[in-house]
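> Quick one, what's the 3D model for this:
(chains A and B)
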Amino acid sequence: MAFAAASWRQSVGRYSAVSRAYVRVGLALRFEFLVGLGATLLNTWILVSIWSVIRSGSSDVQAAFDAPDMATYMVVAGVVNFARMGHASRRVIYRSLRQVSTGQIAVELVRPVNMQLLRYAEWLGVFLVDALLVAVPTWLIFRLAGVVDDPSSGMSVALFALSIGLAWLVLAGLHFIVNAITLMSISGSGVTMARVAIQEFFGGALIPLALMPGALRVVADLLPFQAITSTPTLVYMDRLEGPELVRAFGVQVIWAIALFAIGMVVWRLLVRRVQIQGG
Amino acid sequence: MRRWSRLYAESFTIRLKAMAQYRFDTWLGLGSNLAWRVFRLAFIAVIFSFVAQLGGWSAWEVALMWGISFLGQDLSHLLFAFALHADDYFYYGGLDYAKVRPAPLLLWASVELAQPDHLLTISFYAAVTVLAMVNTGVFASPLAVLLILVALVASILVRTGMTLVTYCSVAWFSRARSVAHGISALNEHTKYPLDALPVPLQIFMTALPFAFTGFYPVAFALRPADHWMPGALSLPVGVLTAAVGFVILRLALRKYQSVGSVDV
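Down below sits the predicted model:
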């Protein structure tokens, strides 16, 4: 029992050290994050402006969102748009791709670590540093500009934090699977860009899912991306209550578990077939 | 020029043969490269399921702006592939052997780096552009067709110049890579007509100058009276941006001192 506890503590220490290392590197590269913050602010401002124009010309959009709600949705969705290729995520993704193309992945595979947990730990570091240096400042700037509403209560903040935590688990699971698939590819950048585009489109970062046309909405509901962006945004805005809220959290939990399990199976299958290209 | 065309064709053929050896990788790459472009276009379609016009422009007019802007981008990436990878050459010291080759760097490196995948994406953007030209009535006027061709040339020049400037700046300022990535994150917004954006964003997109890759030159071809001044200036802006890009490249090559391998 004591041995198991010690082993567990050792594992947690090992993987949390990876997360901490990513946070430290992120904090050291403040200029890169300043650029990322600028790009996120501009991206969000453009989307807020575009949806403001669309809303003014569409009774359907007006029925779904009043003007402050529309702006709040786009800002919060921009803040929690974890599909964005910020400095930290780009660093992890391209490092993984480079490991495959140069053959360094061979060294990674012989390390005495669980690759899936290692990747989750990396993404936790990425997530924390992105939240600290990009997401929170973006929210704060739009908040000071009076564009985004505050959460209605302390409970809303707590539920939002819980939803963000679950969104991270779904995101890490998704990244791990995409990363595993790129093992079979000598150039995985196309897969990465496709993941970004699909995640933004079906996740609710570009279009509120409530406004998604019929068939596309059905597809979006069947995919995990809604659990990453749309759910936290709607929780922030108190748009989910009672059974709807429970269902949304349930969907996040199910996707987090499912993607972890799928990732484990995919990794075991693919790692047997991996070819070290080298050079 | 004939020599370069032959070298380019030969290199391209070799790459196609190499791609044929990695079928899964090829299909994965082609499928995913096409998928993300289709989803970007789908976003425009969803927007126009709510409104008939965005900033006074119809769906097909916006599709034409999008098509020209990104057709220009992918043609620039295909023909001047070095520009997009210049930071890697400067950062990792790849120019150590590149500079001693008896050939202009931009040409041979572009020959070496050209990706056949771009043929598919270029075909996709070209199809969207032609379809948009049909639906906006461009083919009814030879002058409008000519202006769209000029718009495409302007787009290629602006894209090439912007890419050279941002990625070659690594020679002085290694963190320029981040700026380049930050700028490319805004690239997607070239699909919106400037008239739908607030004035500060219009100024920003004009100064950068993303607006000259699609919006201004296409607006000039479709409605010469609107935005006639920046529209007419699109080609000169393209020539100027490309010229600045080439000057920065030359200065960067002069500045290069071999930095060797740096782990990022």
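
> Up against chain A, what does the stretch 151-264 of chain B have?
B:175, B:178-179, B:181-183, B:185-186, B:189, B:192, B:196-198, B:201, B:204, B:264 (CB under 8 Å from any CB of the partner chain). Any C-beta I mention is one placed from the backbone N, CA and C, and that applies to glycine too.

> make it 10 Å
B:173, B:175-186, B:188-189, B:191-193, B:195-198, B:200-201, B:204-205, B:263-264 (CB under 10 Å from any CB of the partner chain).

> Go ahead and flag the most central residue of chain A.
residue A:82 (3.3 Å; CA atoms, centre = their mean).

> can you pull the contacts of that one?
If a contact means CB atoms under 10 Å, 6 or more residues apart in numbering or on different chains, then residue A:82 has A:89, A:123, A:126-127, A:130-131, A:135, A:164, A:167-168, A:170-172, A:174-175, A:199-200, A:203, A:205, A:225, A:228-229, A:232 as its contacts.

> Over to residue A:207?
Residue A:207 makes contact with A:47, A:51, A:54, A:74, A:77, A:200-201, A:213, A:216-217, A:220, A:230, B:42-43, B:46-47, B:49-50, according to CB under 10 Å, 6+ apart.

> same deal with residue B:60?
Contacts of residue B:60 (CB under 10 Å, 6+ apart): B:48, B:67, B:128, B:131-138, B:222.

> model confidence over the helix or strand harbouring it, on average?
Assessed by DSSP states H and E, residue B:60 sits inside helix B:59-79. On average, the pLDDT along helix B:59-79 is 93.

> Can you give me the buried ones in the next helix or strand after that helix?
Using DSSP H and E, the helix or strand that follows helix B:59-79 in sequence is helix B:81-92. Using 16 or more other CB atoms under 10 Å in any protein chain shown as the test for burial, helix B:81-92 gives B:81-91.

> what is the rounded mean pLDDT of the lengthiest helix in chain A?
For chain A, the helix with the greatest residue count under DSSP state H is helix A:242-273. Averaging pLDDT along helix A:242-273 gives 91.

> just stretch B:237-248 next, same as before
Mean predicted confidence for stretch B:237-248 is 95.

> Also stretch A:206-216?
Average pLDDT, stretch A:206-216: 90.

> got the angle between the helix holding residue B:60 and helix B:81-92?
Between helix B:59-79 and helix B:81-92, the angle comes out at 60 degrees (axes from the mean of the first three to the mean of the last three CA atoms, to 10 degrees).

> Can you say which of the contacts of residue A:207 are buried?
By 16+ other CB under 10 Å, the contacts of residue A:207 give A:47, A:51, A:54, A:74, A:77, A:200-201, A:216-217, A:220, A:230, B:43, B:46-47, B:50 as buried.

> Please give me every residue in contact with the residue nearest to residue B:121 when sequence neighbours are not counted.
Excluding its sequence neighbours, the residue lying closest to residue B:121 (CB to CB, 6 or more residues apart in numbering or on different chains) is residue B:74, at 5.1 Å. Shown in contact with residue B:74 (CB under 10 Å, 6+ apart): B:33, B:37, B:115, B:117-126, B:156, B:159.

> Let's see if you can find the most crowded of those.
Highest neighbour count within the contacts of residue B:74: residue B:159, with 31 neighbours (other CB atoms under 10 Å in any protein chain shown).

> Please list all residues in contact with that residue.
Per CB under 10 Å, 6+ apart, neighbours of residue B:159: B:69-77, B:80, B:83-84, B:187, B:190, B:210, B:212-213, B:238, B:241-242, B:245.

> farthest pair in the contacts of residue B:60?
Farthest pair in these (CB to CB) is B:48 and B:138. Separation: 18.6 Å.

> So between those two, which is more surrounded?
Each of residue B:48 and residue B:138 has its neighbours counted (other CB under 10 Å); residue B:138 has more, 23 against 17.

> excluding its backbone neighbours, what's nearest that one?
Counting by CB to CB, 6+ apart, residue B:138 lies nearest to residue B:144, which is 4.6 Å off, once chain neighbours are set aside.

> do the same with residue B:43
Residue B:43 sits nearest to residue A:206 (CB to CB, 6+ apart), 5.5 Å away.

> quick one: secondary structure of that neighbour?
Following DSSP: H, G, I helix; E, B strand; the rest coil, we place residue A:206 in the coil state.

> ok, how many other residues are close to it?
25.

> same thing with residue A:272?
Using other CB under 10 Å, the number of residues around residue A:272 comes to 7.

> hmm, back to that, quick check: phi and psi on the residue nearest to the centre of chain A?
phi -80, psi 0 (degrees, to the nearest 10).

> So of the contacts of residue B:74, which two are at opposite extremes in space?
Greatest spatial distance among the contacts of residue B:74 (CB to CB): B:33 and B:156, at 19.2 Å.

> Within range of chain B, give me the residues from the stretch 1-150 of chain A.
Taking CB under 10 Å from any CB, the part of the stretch 1-150 of chain A that reaches chain B is made up of A:29, A:31-40, A:42-43, A:45-62, A:84-87, A:90-91, A:94-95, A:98.

> Buried subset of the residues you listed as a ChimeraX selection?
Buried residues within the residues of the stretch 1-150 of chain A next to chain B, by 16+ other CB under 10 Å, are selected in ChimeraX with:
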select /A:29,32,33,34,35,36,37,38,39,40,42,43,45,46,47,48,49,50,51,52,53,54,55,58,61,84,85,86,87,90,91
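
> What segments of the stretch 51-200 of chain B are helices?
Shown for the stretch 51-200 of chain B, the helices assigned by DSSP state H, counting those that start in this stretch span residues B:59-79, B:81-92, B:95-98, B:105-113, B:117-135, B:142-168, B:176-186, B:199-207.

> Redo the ones you listed as JSON lines? Include distance to residue A:9.
Formatted as JSON lines, these follow (distance: least, CB to CB, whole Å):
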{"stretch": "helix B:59-79", "distance to residue A:9": "50"}
{"stretch": "helix B:81-92", "distance to residue A:9": "40"}
{"stretch": "helix B:95-98", "distance to residue A:9": "48"}
{"stretch": "helix B:105-113", "distance to residue A:9": "49"}
{"stretch": "helix B:117-135", "distance to residue A:9": "47"}
{"stretch": "helix B:142-168", "distance to residue A:9": "46"}
{"stretch": "helix B:176-186", "distance to residue A:9": "37"}
{"stretch": "helix B:199-207", "distance to residue A:9": "51"}
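
> Return the most buried member of those.
Of these, the one with the most neighbours on average (mean count of other CB atoms under 10 Å in any protein chain shown) is helix B:59-79, at a mean of 25.

> now that one and helix B:117-135, what's the angle there?
150 degrees.

> Counting neighbours, what do you get for residue A:170?
Neighbours around residue A:170, by other CB under 10 Å: 27.

> my bad, residue A:111
9.

> Residue A:126 too?
28.

> what about it, distance to residue A:90?
Separation of residue A:126 from residue A:90 (CB to CB, to the nearest Å): 9 Å.

> what do you get for residue A:253?
Taking CB to CB, one finds residue A:253 at 29 Å from residue A:90.

> Perfect, that will be all.
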